[in-house]
Structure formats: C-alpha cells, structure tokens
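**Student:** Attaching a predicted model along with its sequence, questions to come.
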Amino acid sequence: MKRLTAAVLLLFVISASLMAQEKKEEKKPESHWKKGIVATLGFSQLSLTNWAAGGSGQLSLNTLADLYANYTKGKCIWNSELQAGYGFIESYETGFRKSDDRLVLDSKFGYKAVEKLYISAVFNFRSQFAKGYKSETDKTLVSDLLAPANTSLGLGIDYTPTKSISINVAPLTGKVVIVRVPELREKYGNAIDQFARFELGAQIKIDGRIDVENFKVNSSLILFSDYLKNPQNIKVNWDTTVTAKISKHFSFTLLTNLIYDDNVKLNKKNKRTEEEYQAAGVQFKELFTIGFSYTIGQSK
C-alpha cells in the first residue's frame, strides 16, 4: 500500500513537473508591435553676484519626449513617431525666450512589392506649442500654435537597402501650410486672408540611423519641390539627433534642424546701408543638452 501511494505521488510529481516544463517552453504570442517612449530632461542654472568679468544669471530647461510605435506583419509595415519638445532660457536681465519648441508627427505605411521595395504612403505634421518672439527685447510675434503648421501626405515607393537606411520617393505629394494668426500669414507665404495654402509636388525623404552601444544618431532629410510654384526652388528640412549615454539614465543629446523654404521671409540687414529687408534664407538651430534620459518599452 505504501509503495502504491509512493508510486502515485511520484507519478503526480513527474506529471506536474512535465506540465510546468511545457508551460515554460510555451512561446508567448508573437507581437507585431514595437512601442516605446524616450524622455529627456536637461536643466542648468547660473547666478552671478558682483562678477567683474560681466554676464547675467540665467535659468534654462529643455525637455523632449519621443514616442514611437512600429508595426510589422507579413508584407505590411506601419511606423509612427511623435516628438514633443519644449525648452526655455530665463535670463535675469533680458527676460524669457524659447530655446526649443517642436511638435512633429511622422507616419509611414508600406506594402512590400519586392525585396527591400515597398509601395508607401508617408504623412508628416510639424508645428509648435507656444508663442515665439523676435527677441528678448522686441516682443514682435513670429510664431504660435498652428502658425505655422505644415502637413503633408505623399504616395510613392520606399527603398530600404539596410535596416538603418530608408529612401522614400513620393512623386505625388500634397502639402498644406496653415497659418492661424492673420498677421503672420505673409511671413510664411500665405495671403493675409489665407488660413491654409495648398502645394502639390514631389518629395524625397531619407532616414538614416546609427546605433552602436551607447551612441545613437537619427537623421531625417526631406526635400520637396512644388509643381505649382517655382519647382526649381527645393524646400529642405533636415533633422538630426545625436545621443551619447554617460550612464543608464544620463546622456548627452545634440539636436540640429536645418530649414530652407523660399516662401518663408527672414529679417536681414544690408551690411553697407544698415537697412533691414526680408528675404528667404537658410535657418539653422542647434540644441545641446546634458541631462536625465529614460526609456520605456522596446528599442526602435
């Protein structure tokens, strides 16, 4: 009787062990999504008291949230990314000014036609959150929420020679330039009574990525030619983000943005006559931050 009881108990233990092993070996349902958030926060403060060399105290803060969701199943891909960033410098003498203000949404859908080549649709939206002024002392308004806002949808093909490079060619691209504030419309190429301006043209978008241990570079170059007006004047928008990790949660971040748009008028000064005038030109912004960085979710 004791042997039978022992055998039953042994059989039960073996069965339970096998069942547990099977559960361990069971694969989790495959997810077709890769989602995550990268949040960066940088802060600095400077105070001067009776400082003989001169200067002024200031407080600065820069924040950036990068949210992404990438879907892959069969022949379909759908990659989306939302960047929301805001930064400011508060000088104790000259006052407040923005150092960064961005709201950018990129979304790309692709259906594989042949190896490394997709039929694609690319959507982009770009604007800012808050009011921007000419300078600390000159409070002339130069930007605001949806003033301007650029949105585009392009149909074409996407070529991915490697996992780190994507070349999108969209010969049919519709673009809408929104300027909500009437007094800013002419500055960004719209008529004074024109809330939104439509452009139709061709777009090339090149995305590149380098990811080596604690060093990452993401770069996106957009070239656009408007069929309806001056197609020879190529509009350029080039964003680059460089991140180097110091430790698990601290990193260096360098953001650059280069823009050229012949419809956007910049304030310039004649060097000989000192007279001010408006003309198109290259815009460039660089922002360097040392601060806290935290990632939630999977890598891109």
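**Tutor:** That came through fine. Numbering: from 1, shown residues only.
**Student:** contact partners of the helix or strand where residue 236 lies?
**Tutor:** Assigned by DSSP states H and E, residue 236 falls within strand 235-245. Contacts to strand 235-245, defined as Cβ atoms under 8 Å, 6 or more residues apart in numbering, come from residues 104, 126, 214-226, 251-262, 293. Backbone N, C-alpha and C define where each C-beta goes, glycine included.
**Student:** Tell me the buried residues within the residues you listed.
**Tutor:** 104, 126, 216-218, 220-222, 224-226, 251-253, 255, 257, 259-262, 293 (16 or more other Cβ atoms under 10 Å).
**Student:** Following element in sequence after the helix or strand bottoming out on mean pLDDT in the chain, please.
**Tutor:** Using mean pLDDT, DSSP states H and E, helix 2-25 stands out as the lowest-scoring helix or strand of the chain, at a mean of 46. Downstream of helix 2-25, the first helix or strand assigned by DSSP H and E is strand 33-46.
**Student:** May I have the strands that pair with that next one, each with its orientation?
**Tutor:** Strand partners for strand 33-46, identified by DSSP bridges, are recorded as strand 58-73 (antiparallel), strand 282-297 (antiparallel).
**Student:** got the buried residues for the last one?
**Tutor:** Of all the residues in strand 282-297, those buried under the rule 16+ other Cβ under 10 Å are 287, 289, 291, 293.
**Student:** List the residues that contact the first one.
**Tutor:** Right, residue 287. By Cβ under 8 Å, 6+ apart, the contact set of residue 287 is 62, 87, 99, 100, 253, 254, 255, 256.
**Student:** CA atoms only for whatever helix or strand the second one lives in - export them in PDB, please.
**Tutor:** When elements are assigned from DSSP H and E, residue 87 belongs to strand 76-91. Extracted in PDB, the C-alpha atoms of strand 76-91 (Å, rounded to 0.1, in the frame of the first residue of the first chain):
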ATOM      1  CA  CYS A  76       2.900  45.300 -44.200                       C
ATOM      2  CA  ILE A  77       4.800  47.900 -42.200                       C
ATOM      3  CA  TRP A  78       3.500  50.900 -40.300                       C
ATOM      4  CA  ASN A  79       6.000  53.100 -38.500                       C
ATOM      5  CA  SER A  80       4.900  56.200 -36.500                       C
ATOM      6  CA  GLU A  81       6.800  58.600 -34.300                       C
ATOM      7  CA  LEU A  82       5.700  61.700 -32.300                       C
ATOM      8  CA  GLN A  83       8.300  64.200 -31.000                       C
ATOM      9  CA  ALA A  84       7.200  66.800 -28.500                       C
ATOM     10  CA  GLY A  85       9.900  69.200 -27.100                       C
ATOM     11  CA  TYR A  86      10.000  72.500 -25.300                       C
ATOM     12  CA  GLY A  87      12.800  74.400 -23.800                       C
ATOM     13  CA  PHE A  88      13.500  77.900 -22.500                       C
ATOM     14  CA  ILE A  89      16.100  80.300 -21.100                       C
ATOM     15  CA  GLU A  90      15.200  82.700 -18.400                       C
ATOM     16  CA  SER A  91      17.800  85.500 -18.100                       C
END
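**Student:** Next, the angle strand 235-245 makes with the next helix-or-strand element following it.
**Tutor:** Next along the chain after strand 76-91, taking DSSP H and E as the criterion, comes strand 95-114. Inter-element angle recorded for strand 95-114 and strand 235-245: 100 degrees (by axes from the mean of the first three to the mean of the last three Cα atoms, to 10 degrees).
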